[in-house]
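In: following is a predicted model, sequence given first.
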Amino acid sequence: MDATGALPQTKLSASNHDFSRSFPRARSVVSVARRSSVAFQQPDKLRSRELLVVSSSNSANKGMAASGGSYLSGPVLKRNPVGQAVFAASVVGVGPYCEGFVDSHLHVTEEKVGVLLLNLGGPETLNDVQPFLYNLFADPDIIRLPRPFQFLQKPLAKLISVLRAPKSKEGYASIGGGSPLRKITDEQADGIKMALESKGLTANIYIGMRYWYPFTEEAILQIKKDKITKLVVLPLYPQFSISTTGSSLRVLQNIFSEDAYLSRLPIAIIQSWYQREGYIKSMADLIGEELQKFAKPEEVMIFFSAHGVPLTYVEDAGDPYKDQMEDCIYLIMQELKARGSYNDHTLAYQSRVGPVQWLKPYTDEVLVELGQKGVKSLLAVPVSFVSEHIETLEEIDMEYKELALESGIENWGRVPALGCTSSFITDLADAVIEALPSAKSLSTTRSSSEEADHDFLSYAIKMIFGSVLAFVLLLSPKVITAFRNRLF
Ligand SMILES: C=CC1=C(C)c2cc3[nH]c(cc4nc(cc5[nH]c(cc1n2)c(C)c5CCC(=O)O)C(CCC(=O)O)=C4C)c(C)c3C=C
Ligand SMILES: [Fe+2]
């Protein structure tokens with residue numbers, strides 16, 4: 001932290017615009033996870049047999065990689081010559097309950113599984129608001145300056161954070177003086193730990209926030225101290241966006257690539273999980289419950305409101321966020337239909353910041369339109385985030401509700417964020433267990449560096465054109481006025 005309370009930025013790599021390319025294996029994690037929803041091999045049966053341990057030889061690992069991470073054709077099982085000392089329940093290689101392995105010299109080593117939950121973080125007091133905003137705006141995945149202007153990132157972050165702080169503070173003051181995010185994430189972490197334990201996996205759970213305590217950097221230090229031997233990274237965002245999961249993964253990439261221990265640590269990254277059955281069903285449960293609170297549930301318009309991103313993220317940078325969001329809504333609506341609910345629904349994007357265009361339609365505009373069209377009952381569903389936070393508690397519950405009622409909507413409801421809903425937490429635990437066998441160290445994924453170099457060239461060309469455009473735009477008085485109106 002510097003004097004402003006801001007987190008020192010980690011060094012950026014040349015491939016910083018697209019972390020997922022540097023982790024080509026990570027892309028397949030979700031699909032592997034889905035394919036391998038085959039149950040876990042019954043640990044109890046194995047417990048009663050002779051002890052089995054896995055050879056951690058490279059050939060076994062290669063076999064696993066070649067098979068797309070499927071643990072059924074993965075590591076070679078061996079009888080353990082030093083069995084008595086090993087973990088009786090070890091089912092490594094036939095299931096995800098990785099508890100122990102034998103290294104190439106037949107030393108018994110304990111597998112220590114870690115789960116790193118990535119989240120945004122939020123100011124805990126009103127004094128935290130400005131430094132929190134500084135950290136957010138200093139993130140090159142939040143304000144994407146063309147490369148030649150990146151030296152302006154921190155001064156700009158300082159300026160915007162100072163100017164925006166009063167408005168943000170008002171918002172945080174109205175929800176009790178700070179963000180509830182840390183408390184809720186702590187509870188989710190405890191829930192996941194317990195759910196994993198009930199499924200036979202003991203794991204340390206770490207929380208890594210991007211913009212406030214406990215910072216991702218702190219979590220990684222702890223992971224090192226604890227000598228974790230396998231790590232699953234689980235962002236608490238159902239859908240992937242460059243601005244959220246992408247940004248957090250880039251922090252990880254920067255730290256991991258410069259640390260010998262971390263670059264060898266087998267790691268599985270769950271990049272998005274909105275399509276998991278457990279998540280979709282949990283969302284449908286919550287929506288179904290709230291619908292029942294209306295006098296005529298079938299007449300209620302289901303209004304999905306997602307956090308927006310600037311349009312350029314999707315159109316120029318290839319952010320999959322919009323596609324994933326639409327897919328997510330489709331899956332939730334399918335689930336509701338399967339349960340006999342055929343409500344109308346719509347999706348809009350909220351919380352835009354700054355003078356640029358964001359994903360449309362905008363939540364506030366759609367609410368007004370719906371009211372004018374005669375919609376009388378509306379159920380707001382926050383869908384891009386799984387905890388209550390300022391944008392549910394203040395923006396939706398206060399601002400949008402007021403706007404909706406003013407616009408002619410008479411019956412308003414809001415679905416709570418998933419928080420610690422047990423079916424949801426259980427599903428996240430399942431996601432961890434399913435991802436574990438595909439954990440692979442960063443050092444073995446280095447072959448992607450050539451790809452990154454190539455990307456860098458095309459990125460540099462785009463940035464040169466982008467910088468000229470941005471320069472012209474930044475000097476335009478109209479833009480400056482718009483900026484002032486929107487931000488401050
Ligand atoms: C999927 C969720 C989120 C996306 C996408 C996202 C993008 C994004 N956000 C900003 C600017 C701000 N976000 C702020 C708070 C905030 N953002 C998210 C989630 C997403 N952001 C959450 C959960 C929170 C709240 C945390 C809390 O304290 O409860 C804020 C601060 C609040 C405010 O002043 O309005 C800003 C600013 C941008 C620019 C962006 C994409 C580029
Ligand atoms: Fe945000």
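Out: Nice, thanks for sending it over. Ligands and ions are numbered 1, 2, ... in the order given.

In: how many neighbours does the nearest residue to Q275 once chain neighbours are set aside have?
Out: Counting by C-beta to C-beta, 6 or more residues apart in numbering, Q275 lies nearest to L331, which is 6.2 Å off, once chain neighbours are set aside. C-beta: built from backbone N, CA, C; applies to glycine. Look at L331: counted by other C-beta atoms under 10 Å, it has 19 neighbours.

In: same thing with E217?
Out: E217, neighbours per other C-beta under 10 Å, totals 17.

In: that one contacts V251, correct?
Out: Yes. E217 lies in contact with V251 (C-beta atoms under 8 Å); the separation is 7.3 Å.

In: quick one on the thing from earlier: quick check, the residue nearest to Q275 in contact with S282.
Out: No. Using C-beta under 8 Å, L331 makes no contact with S282, being 12.0 Å away.

In: ligand 1 contacts on the stretch 51-200 of the chain?
Out: Counting by C-beta under 6 Å from any ligand atom, the stretch 51-200 of the chain comes close to ligand 1 at 120, 122, 133, 136, 142, 164, 168, 179, 181.

In: W273: which of the residues you listed is nearest?
Out: Using C-beta to C-beta, L120 is the member of these that sits closest to W273, with 16.5 Å.

In: how about the contacts made by the closest one?
Out: 181, 209-211, 244, 389 (C-beta atoms under 8 Å, 6 or more residues apart in numbering).

In: of the residues you listed, closest to W412?
Out: Taking C-beta to C-beta as the measure, W412 lies nearest H389 of those, at 19.4 Å.

In: quick revisit: looking at the residues of the stretch 51-200 of the chain next to ligand 1, which are in helices?
Out: Judged by DSSP state H, those include 133, 136, 164, 168, 181 as members of helices.

In: widest-spaced pair of those residues?
Out: R164 and L181 (18.2 Å).

In: how close does the residue of the stretch 101-250 of the chain at minimum distance from ligand 1 get to A380?
Out: Residue of the stretch 101-250 of the chain nearest ligand 1, by C-beta to the nearest ligand atom: G122 (2.4 Å). Computed as C-beta to C-beta, to the nearest Å, the G122 to A380 distance reads 20 Å.

In: for the residue in the stretch 301-450 of the chain that ligand 1 sits nearest to, which non-adjacent residue is spatially closest?
Out: The minimum distance from the stretch 301-450 of the chain to ligand 1, using C-beta to the nearest ligand atom, falls at H389 (3.1 Å). Closest residue to H389 apart from its sequence neighbours, by C-beta to C-beta, 6+ apart: L181 at 5.5 Å.

In: shouldn't that neighbour be in contact with S387?
Out: Yes. Contact criterion C-beta under 8 Å: L181 and S387 qualify, at 5.8 Å.

In: residues shared between the contacts of these two?
Out: N119.

In: what sits against L370?
Out: L370 neighbours (C-beta under 8 Å, 6+ apart): 301, 303, 346, 378, 404, 407, 409.

In: what segments of the stretch 51-200 of the chain are helices?
Out: Secondary structure of the stretch 51-200 of the chain by DSSP state H, counting those that start in this stretch: the helices cover 58-66, 129-137, 153-174, 181-198.

In: ugh, wrong one, I meant the stretch 251-400 of the chain
Out: Going by DSSP H, counting those that start in this stretch, the stretch 251-400 of the chain shows helices at 260-264, 277-291, 311-315, 321-338, 363-373, 390.

In: who's in contact with the helix or strand following the last one?
Out: Using DSSP states H and E, the helix or strand that directly follows helix 390 along the chain is helix 401-406. Helix 401-406 is contacted by residues 364, 367-368, 370-371, 378, 380, 412, 414 when judged by C-beta under 8 Å, 6+ apart.

In: again, but for stretch 270-281
Out: Contacts of stretch 270-281 (C-beta under 8 Å, 6+ apart): 20, 26-27, 29-30, 33-34, 232-235, 237-240, 245, 249, 320, 324-325, 327-328, 331-332, 335, 418, 423-424, 426-428, 430-432, 435.

In: tell me the buried residues within those.
Out: 20, 26, 29-30, 33, 232-235, 237-240, 245, 249, 320, 324-325, 328, 331-332, 335, 418, 424, 426-428, 430-432, 435 (16 or more other C-beta atoms under 10 Å).

In: out of those residues, which are close to ligand 1?
Out: Y237.

In: among the buried ones among the contacts of stretch 270-281, which are in strands?
Out: Here DSSP state E is the test, and those give 232-235 as lying in strands.

In: so which pair among these is furthest apart in space?
Out: The widest separation within these (C-beta to C-beta) is 11.0 Å, between V232 and P235.

In: thinking again about what came up before, which one of the ones in strands among the buried ones among the contacts of stretch 270-281 sits closest to I267?
Out: For those, the nearest to I267 is V233 (6.3 Å; C-beta to C-beta).

In: who's that closest one bridged to?
Out: L116, I269 (DSSP bridges).

In: please apply the same query to A380.
Out: With DSSP bridges as the rule, A380 is bridged to F303, R414.
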